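>>> pasting the structure only:
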């Protein structure tokens with residue numbers, strides 16, 4: 001079973017959205033400017049405790065709360081997670097045959113588990129960022145050409 005099958009998206013309810021909006025603002029105001037441990041005080045029905053959190057975890061928590069406040073579904077995927085070709089296709093919003101073509105052309109690294117291809121999530125993200133940068137560069141070039149030709153853009 002892969003990480004995506006194990007982790008179902010969390011869709012926030014109205015109460016979650018309202019609370020996430022409030023708590024994300026409060027957490028953002030408390031976030032230290034430099035990377036340092038972050039201490040929080042947690043109180044539940046029967047326990048109270050101060051907990052130290054890494055700065056990176058607090059930033060991630062803030063990102064999660066911000067997404068929840070916007071009503072977005074959330075899931076966490078470990079970067080080391082291995083994806084099937086279908087999961088990779090779903091994440092890039094492309095077809096599975098297209099992913100296989102990219103793999104066969106060595107555009108995305110992969111390895112095989114038996115006869116099945118597996119793609120590291122980190123490698124898929126790197127490919128996605130590369131494609132986005134190339135698209136932005138092409139768009140910038142088209143914009144520049146349109147301005148040089150005075151096409152009204």
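Perfect, I can see it now. Please read all numbers here as calculations on a predicted model, not as lab measurements.
>>> pLDDT on stretch 62-77, on average?
Stretch 62-77 shows a mean pLDDT of 91.
>>> That stretch: which residues count as buried?
Buried residues in stretch 62-77, counted by 16 or more other CB atoms under 10 Å: 62, 64-69, 77. Every C-beta, even on glycine, is put in place using the N, C-alpha and C of the backbone.
>>> Filter those residues down to the ones in strands?
If you go by DSSP state E, the buried residues of stretch 62-77 have nothing in strands.
>>> May I see the residues you listed arranged in a markdown table, with distance to residue 125 as well?
Listed next are the buried residues of stretch 62-77 as a markdown table, based on distance: CB to CB, whole Å:
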| residue | distance to residue 125 |
| --- | --- |
| 62 | 20 |
| 64 | 18 |
| 65 | 22 |
| 66 | 20 |
| 67 | 17 |
| 68 | 22 |
| 69 | 24 |
| 77 | 10 |
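>>> Among these, which one sits closest to residue 16?
Closest approach to residue 16 among the buried residues of stretch 62-77 (CB to CB): residue 68, at 5.8 Å.
>>> Identify the residues contacting the closest one.
Applying CB atoms under 8 Å, 6 or more residues apart in numbering, we find residue 68 in contact with 12, 16-17, 20, 24, 74.
>>> returning to that earlier point: quick check: the farthest pair among the buried residues of stretch 62-77?
69 and 77 (20.8 Å).
>>> Kindly provide the whole-number mean pLDDT of the helix or strand residue 22 falls within.
Per DSSP states H and E: residue 22 is located in helix 14-30. What helix 14-30 shows for mean pLDDT is 93.
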